[in-house]
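1. let me see the structure of the following:
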Amino acid sequence: MEPERFMKLPEAAGPALLGGAERTLPSAITLDLQLSPDQVDALLAERVPGTDIQPNLVLPNEVRHPELYERLNRQQEKDEYRNTLQTGLANAWEAEYGAERAEQLVGRFNHLAKTIEKDGALVIGDMIDRGAFAGLVQEYDGLIRDHGSGSLLHSYVNLRSHPDFLTNKGFNRAFFHPLAIALISRQVGGAVRVVDARAKDAGPVSAHAQDNMLHVDENGAMRSGSEMKVNLSWEKGQPNGPKGQNFTFLPGTHKGLRQSQEGPDGPYFTEADSVFRTPQSIRQVFALQRQVRGGEDTVSEMTDPERPLSAIFVASDLVHHRYRTEEGEPRSGLIMAFHPTAIVPGEYIDSYSPADRENLTLEESLFGINNGSPDAEFSTMLTRYASEIAEKVDEVFEAGQVIYADERALSLDGMKAWYRSVTEAPTVEEIKRDNAYFPLGSELGFKDFIALLGTQMMHYDKHASIYMILYPDGHEAVRKWARNANREMRSEVLQARLQEWEDEIRQPAVEDLLSQEQFLEVTSRLLQNAASVTPEMRREGHLDAGEGLSPTEAYQSVEQFITDLAENYARADGRQTYLTLSLFQFWACDMLNRLKGNEDPELRELGGKLLRNYITAAVLVEKQIAHEGIEQ
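-> Purely as a prediction, here's the structure:
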């Protein structure tokens, strides 16, 4: 998303006009509230319920609602697909190579598949040759340079906006190899499609933030056992292996399931059920690992001095993370996520049409419209790549390209360092405090305050952890675009958009703090405003070129994001979560306004309330932190 694209929209009603007259901007902002420590504590206590949800990983026979879990359902259908796929490949191999050779290939293919079944991940070095990979690195570095978010923890690019990169025949076998796709579809038991593709650079840093914490991917029970990912990683700028910030996992933990929460409307899940951030929750993970795997506690860190690594893993269930430390080299990575089309039909790239519907290519099957459950045609498509799959299967075995979990198991000293990292790494709030960027009590000129707001306050707060709801049917998935668009907004874009709201900013005051009820009322009005947009108007919504989704889909994403932010707000687990949710709801309002043409007076009103609430809340939180420092 480039700043000039945003400037093509109609200018917002401001920062000049209010009721036909020019609004005078404040000359200065004082970063303080005249409140006692007790008053600060009381105001935050009213707004931060402190709801503590801890993950509960259990064996499949211990879940309370087995009917909710995709992994436990449709077994016959899945087994039929696996048999059809194997038979199709075996027949193609026998026709090309003879029966004996085909039998060997089937055995090798099944060995790779069973590695995923056993450990939850299969890691292959050099999925493509180094010369082709050098071309990938060159194109990738250009993408990150020109489009990367350059944010606090990483630099991110949504590859849905860059289909030419994904379809580049020169290197896309590194992440869309037919062997990898065949193994993925075998694991889930059906046809799959791409649901997310991202580029992400990660430099040396220690942070206890949502992207880096030990977790299973944030999907509801409906997708348990069915989200697969390919994680391709290498040393930044070099066509060789990663040497820091590595993909790390606990083998065997994919055999557990998250226990649901119980609410008045029935079972539900939250992202907090998916994150293991306390010593107690990590001990529970190891206990489950010993139950299903036996032996010692095992953590496998995927690193290699020479080979770029492709990890094919059960993202929805395998406990894993990006092991971020202050040591090692910067790491580049590509992450591709796949879901079964049987439960998540749709398309990844808007208006991606196949050239021949009867003879789909691999890319067309992964990107195009997939309604229903096209398992038969998907397995048929894969058999057309049987020769390429066979060549890679042989290469994997004969060149020793598989890196097994036990080969990269951390030593005892390594385990101790890893445990300290996952339990003691600083939170975003602690990083903010250590950087001491917030001049509490100071008076800043208005422009200096705007700079502080955009380049410091929002820069940190948009990367703190929030724990949104996960619905049993998985319908929250549509919010991902809106969430990522806010969190990964480039600094110059954020500042350009923030300038359009300058007329809504004034001296922080207690009356600008929204109560729980007021926040939910604002949310209700946002959703009513969005609901008033007709289908025809939605199709004509203002959306940046290259976003890779339709304006109608963007509306749906923003609406779900607004809804789920409010739900999370009502059970915020801490003051930083409360602050981040407040910020995101402001930007969600801004996104809705932009989709409507950037000139809706009601959304200007509501956005102003949300922005002033965030600013005042930030001052309130800083006052509480400062008082805690004095008491210590």
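2. in what helix or strand does Lys432 lie?
-> helix 428-435 (DSSP states H and E).
3. what helix or strand does Val194 sit in?
-> Counting by DSSP H and E, Val194 is found in strand 192-202.
4. before we move on, what about Leu611?
-> Using DSSP H and E, Leu611 falls in helix 601-631.
5. please apply the same query to Leu543.
-> Assigned by DSSP H and E, Leu543 falls outside every helix and strand.
6. can I assume it is in contact with Leu595?
-> Yes. Counting by Cβ atoms under 8 Å, Leu595 is a contact partner of Leu543 at 6.8 Å. Placement of C-beta: from N, CA and C, glycine included.
7. name the residues contacting each of these two.
-> Shared contacts of Leu543 and Leu595 (Cβ atoms under 8 Å, 6 or more residues apart in numbering): 551, 554.
8. comparing the two, which shows the higher neighbour count?
-> Leu595 (25 against 19; other Cβ atoms under 10 Å).
9. distance of that one relative to Thr563?
-> 16 Å (Cβ to Cβ, to the nearest Å).
10. before we move on, what about Asn246?
-> 36 Å.
11. between these two, who's got more neighbours?
-> Each of Asn246 and Thr563 has its neighbours counted (other Cβ under 10 Å); Asn246 has more, 26 against 20.
12. once you drop chain neighbours, what's closest to Thr84?
-> Among residues not flanking Thr84 along the chain, Ser379 sits closest, at 5.0 Å (Cβ to Cβ, 6 or more residues apart in numbering).
13. just say helix, strand or coil for the residue nearest to Ala199 when sequence neighbours are not counted.
-> Once flanking residues are discounted, Ala199 sits nearest to Val157: 4.2 Å by Cβ to Cβ, 6+ apart. Following DSSP: H, G, I helix; E, B strand; the rest coil, the label given to Val157 is strand.
14. Val157: neighbouring residues, count only.
-> Neighbours of Val157 under the rule other Cβ under 10 Å: 23.
15. same question, Arg357
-> Neighbours around Arg357, by other Cβ under 10 Å: 11.
16. how far away is it from Gly368?
-> 9 Å.
17. now the common contact residues for those two.
-> By Cβ under 8 Å, 6+ apart, no residue touches both Arg357 and Gly368.
18. just to revisit the earlier point, what is the helix holding Lys432 packed up against?
-> Where contact means 3 or more Cβ pairs under 8 Å, 6 or more residues apart in numbering; DSSP states H and E, helix 428-435 is packed against helix 458-461, helix 575-595.
19. show me how far the next helix or strand after it is from its chain's centre.
-> Next helix or strand after helix 428-435 toward the C-terminus (DSSP H and E): strand 443-445. Put simply, strand 443-445 sits 37 Å off its chain's centre (Cα atoms, centre = their mean, to the nearest Å).
20. now for the next helix or strand after strand 443-445, which elements pack on it?
-> Using DSSP H and E, the next helix or strand after strand 443-445 towards the C-terminus is helix 446-452. With contacts defined as 3+ Cβ pairs under 8 Å, 6+ apart, the packing partners of helix 446-452 are strand 28-30, helix 491-499.
21. closest to Lys200 out of those?
-> helix 491-499 (16.9 Å; Cβ to Cβ).
22. can you list the buried residues in the helix or strand just after that closest one?
-> For helix 491-499, the succeeding helix or strand toward the C-terminus, using DSSP H and E, is helix 516-531. Of all the residues in helix 516-531, those buried under the rule 16 or more other Cβ atoms under 10 Å are 519, 522-523, 525-527, 529-530.
23. helices of the stretch 101-250 of the chain, start to end?
-> Counting by DSSP state H, counting those that start in this stretch, the stretch 101-250 of the chain has helices at residues 130-147, 163-166, 173-176, 178-188.
24. can you say which of those is packed in most?
-> helix 178-188 (a mean of 24; mean count of other Cβ atoms under 10 Å).
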